[in-house]
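Enquirer: the sequence and its predicted three-dimensional model are supplied below.
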Amino acid sequence: MVVPLTAAHADEVLAIYQAGIDEGDATFETTAPTWAEFDAAKLPEHRFAAVDETGRVLGWVAATAVSDRCVYAGVVEHSVYVHPDARGRGVASALLKALVDSTEAAGIWTIQSGIFPENAASLAVHERAGFRVIGRRERIGRHHGRWRDTVLVERRSSTVA
């Protein structure tokens, strides 16, 4: 079940974030933020947690504004993370659907993300969710002492005009 992500989910969300960080192909970040930092950065109306029947968090998705310039008001960048034990069960797909539904209802026309090319599972789930590859940003940042590329993906709304 997908529910709004709140402070009640903080510890599990940050632990899942750190697990993704530790695996090495999810983000340039090296440590998860504090809840206060996470909460301040993510748009409250566009963040969700997938939970099991006991309320345990299986994964999360959240979006941030890409710019405060009015021309980009309908563009967000997102992250989606799934607990290692919950992968392959449709959690990321359910989270991305909730994000798409919320952003389209809010008039957002583009959801984007940068994904490491080595993260084949993330690229595949995004493609299934209607994202397309825009291009590869070569040597965009250093991660653990080496240059890394990212694949820029985006999903354009078919309903927001």
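Expert: Nice, thanks for sending it over. Numbering: from 1, shown residues only.
Enquirer: what does the helix or strand hosting residue 59 rub up against?
Expert: Secondary structure from DSSP states H and E places residue 59 in strand 57-65. For strand 57-65, contacts defined as C-beta atoms under 8 Å, 6 or more residues apart in numbering pick out 5, 9, 12-13, 16-17, 38, 41-43, 46-52, 72-73, 75-83, 86, 89, 91-92, 95-96, 98-99, 103, 111. Quick note: C-beta positions are derived from backbone N, CA and C, even for glycine.
Enquirer: any of these buried? List them.
Expert: Buried by 16 or more other C-beta atoms under 10 Å: 5, 9, 12-13, 16-17, 38, 42-43, 46-51, 75-83, 86, 91-92, 95-96, 98-99, 103, 111, out of the contacts of strand 57-65.
Enquirer: what about the residues you listed, which are in strands?
Expert: Counting by DSSP state E, the buried ones among the contacts of strand 57-65 place 47-51, 75-82, 111 in strands.
Enquirer: let me have those residues in a markdown table, extended by distance to residue 29.
Expert: Below are these laid out as a markdown table (distance: C-beta to C-beta, whole Å):
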| residue | distance to residue 29 |
| --- | --- |
| 47 | 17 |
| 48 | 20 |
| 49 | 19 |
| 50 | 21 |
| 51 | 24 |
| 75 | 21 |
| 76 | 18 |
| 77 | 14 |
| 78 | 15 |
| 79 | 10 |
| 80 | 14 |
| 81 | 11 |
| 82 | 17 |
| 111 | 20 |
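Enquirer: what helix or strand is the closest residue in space to residue 150 that isn't next to it in sequence on?
Expert: In this structure, residue 150 finds its nearest non-sequential neighbour in residue 114, 3.7 Å apart by C-beta to C-beta, 6 or more residues apart in numbering. Under the criterion of DSSP H and E, residue 114 resides in strand 110-115.
Enquirer: quick check: what element follows that strand along the chain?
Expert: Sequence-wise, the next helix or strand downstream of strand 110-115 (DSSP H and E) is helix 120-128.
Enquirer: can you name the farthest residue from the center of the chain?
Expert: residue 145 (24.2 Å; C-alpha atoms, centre = their mean).
Enquirer: roughly how far does it sit from residue 18?
Expert: 20 Å (C-beta to C-beta, to the nearest Å).
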